[in-house]
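Enquirer: Quick check, what structure comes out for this input:
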Amino acid sequence: MKFFTKLIAVSLFGILGCSNGQLNADLENTKAVLEKTKEELTICSSVLADVLNTPDQRILNAKKLFSDGNIASARTEYEQIVAKFPNTEYSKTAVNELAGLDKAIQKRKAEAEKQRAEVERIKALGFKVLKPSSTVKFGDLSLHFEKVWTGKRWSFDDHGREYSLRDATRGNEHVLVRLSISSESKNPDLPPILAYQYFDGKLILLGTLRYEFRRWKDYGSYLGNYADYGNDFAHTKTIPFNLGFETSQDNLKSGRVYVIMRKVQCFTRENKDFGRPEVEYKMGICAPKSSLEVADFENDYVLIKTL
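Expert: Got it, this is the predicted structure:
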């Protein structure tokens with residue numbers, strides 16, 4: 001029994017030894033093939049690099065870069081051709097292509113600027129379809145705009161030999177409106193008159209004009225010693241107002257100013273405890289949009305005048 005056990009052990013050792021030897025041989029052979037393949041791949045890569053770096057191929061590559069919009073890389077490629085292949089036909093071709101590249105860049109810039117200007121023109125034309133209104137009917141109100149302009153001095157509260165005024169500070173001017181309002185109601189709230197400025201295809205809000213009475217019967221009514229029925233819708237159907245809003249001259253010069261009315265009633269008549277006069281129209285929540293597009297004028301907004 002011991003003899004057979006030893007015989008089996010010796011046989012297994014011989015078989016295993018033979019298998020390990022064959023595996024090692026195969027592994028070494030595979031390594032040798034792999035190394036040879038790597039060497040061949042390196043040679044092929046070098047050959048391919050040489051092919052790709054021929055001046056013909058590099059000119060083709062530069063042209064493709066330019067057509068793809070990669071102008072900087074195309075310029076670099078042409079400049080390298082000039083540097084690596086001086087005094088050759090390839091160098092002359094690259095120099096010519098560089099000159100054409102500069103012309104093409106300038107042309108593209110000109111076309112882009114032309115396109116941008118056309119977009120701006122179309123945007124601006126959008127507001128040109130709006131027609132200014134000197135008379136606006138809104139609810140029980142009828143507003144007649146007599147004059148709209150800009151100026152340094154805003155005058156109001158004329159009461160005979162005197163009147164009140166506000167002079168704009170240095171570098172500023174007023175947007176001014178002379179307006180008469182007729183009302184079927186005895187105590188209407190009044191709509192906001194707004195100043196917008198054109199910028200980048202939209203109208204951007206500059207501010208809201210404030211209401212002041214244009215005139216009083218005399219000095220006593222201006223002081224509030226007695227009523228002036230000419231400035232009270234409960235007694236008079238039509239009242240004249242002078243409106244104003246102060247803004248910088250830079251704002252007025254940087255783009256066209258649009259004077260606009262919003263169809264909402266937010267200025268309310270109130271009595272002041274102190275002040276001359278003792279009656280005013282005080283602004284409530286008017287909530288004008290910070291920017292307007294043409295579509296906004298279909299319902300809520302009315303163009304009065306473009307300055």
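Enquirer: Pull out the CA atoms of the helix or strand hosting Tyr198 and give them to me as PDB.
Expert: Taking DSSP states H and E as the definition, one finds Tyr198 inside strand 193-199. C-alpha atoms of strand 193-199 as PDB (Å, rounded to 0.1, in the frame of the first residue of the first chain):
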ATOM      1  CA  ILE A 193     -47.000 109.200 -16.400                       C
ATOM      2  CA  LEU A 194     -43.700 107.400 -16.800                       C
ATOM      3  CA  ALA A 195     -40.300 108.100 -18.400                       C
ATOM      4  CA  TYR A 196     -38.600 105.200 -20.200                       C
ATOM      5  CA  GLN A 197     -35.400 105.000 -22.200                       C
ATOM      6  CA  TYR A 198     -34.600 102.700 -25.100                       C
ATOM      7  CA  PHE A 199     -31.800 100.300 -24.500                       C
END
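Enquirer: For that strand, buried residues please.
Expert: Applying a neighbour-count criterion of 16 or more other C-beta atoms under 10 Å, one finds 193-198 buried in strand 193-199. Where you see a C-beta, it was placed from the backbone N, CA and C, and this is true even at glycine.
Enquirer: so after it, what's the next helix or strand?
Expert: strand 202-208.
Enquirer: who does that next one touch, helix- and strand-wise?
Expert: Strand 202-208 sits against strand 193-199, strand 238-248, strand 257-262, strand 291-292, with contacts defined as 3 or more C-beta pairs under 8 Å, 6 or more residues apart in numbering; DSSP states H and E.
Enquirer: 6 Å - rerun?
Expert: Contacts defined by 3 or more C-beta pairs under 6 Å, 6 or more residues apart in numbering; DSSP states H and E place strand 202-208 against strand 193-199, strand 291-292.
Enquirer: For Glu298, give its distance to Tyr258.
Expert: Look at Glu298 and Tyr258: by C-beta to C-beta, to the nearest Å, they are 16 Å apart.
Enquirer: Local confidence estimate at Asn225?
Expert: In this model, Asn225 is scored at 84, pLDDT.
Enquirer: one step back: out of Glu298 and Tyr258, which sits in the more crowded spot?
Expert: Legend: neighbour count by other C-beta atoms under 10 Å for Glu298 and Tyr258, higher for Tyr258 (23 against 7).
Enquirer: State the distance from that one to Ala117.
Expert: 21 Å.
Enquirer: Over to Lys92?
Expert: Counting by C-beta to C-beta, the gap from Lys92 to Ala117 is 38 Å.
Enquirer: about what we covered before: give the partner strands of the strand holding Tyr198 in its sheet and their orientations.
Expert: strand 202-208 (antiparallel), strand 257-262 (antiparallel) (DSSP bridges).
Enquirer: winner for burial among the ones you listed?
Expert: strand 257-262 (a mean of 23; mean count of other C-beta atoms under 10 Å).
Enquirer: relative orientation of that one and strand 238-248 in degrees?
Expert: With axes from the mean of the first three to the mean of the last three C-alpha atoms, to 10 degrees applied, the angle from strand 257-262 to strand 238-248 works out at 140 degrees.
Enquirer: give me the low-pLDDT residue ranges for this protein?
Expert: 1-20, 40, 42-52, 119, 122-124 (pLDDT under 70).
Enquirer: ok, which stretches of it are strands?
Expert: 135-138, 141-151, 153-156, 164-167, 172-183, 193-199, 202-208, 210-213, 238-248, 257-262, 267-271, 279-283, 291-292, 301-306 (DSSP state E).
Enquirer: for these, which one sits closest to Tyr229?
Expert: Nearest of these to Tyr229, taken as C-beta to C-beta: strand 238-248 at 10.2 Å.
Enquirer: Can you list the buried residues in the closest one?
Expert: Per 16+ other C-beta under 10 Å, strand 238-248 contains these buried residues: 239-247.
Enquirer: Sheet partners, orientation included, of that strand?
Expert: strand 172-183 (antiparallel), strand 210-213 (antiparallel).
Enquirer: could you give the angle of that strand to strand 279-283?
Expert: 50 degrees.
Enquirer: which residues sit against strand 238-248?
Expert: Under the criterion C-beta atoms under 6 Å, 6 or more residues apart in numbering, residues 154, 156, 168, 171-172, 174-182, 193, 195, 206-207, 209, 211-212, 214, 231 lie in contact with strand 238-248.
Enquirer: hmm, 7 Å instead?
Expert: For strand 238-248, contacts defined as C-beta atoms under 7 Å, 6 or more residues apart in numbering pick out 154-156, 166, 168, 171-182, 193, 195, 206-215, 231, 233.
Enquirer: now stretch 63-71
Expert: 73-74, 77, 101, 105.
Enquirer: can you check stretch 289-297 too?
Expert: 126-127, 129-130, 196, 202-205, 301, 303.
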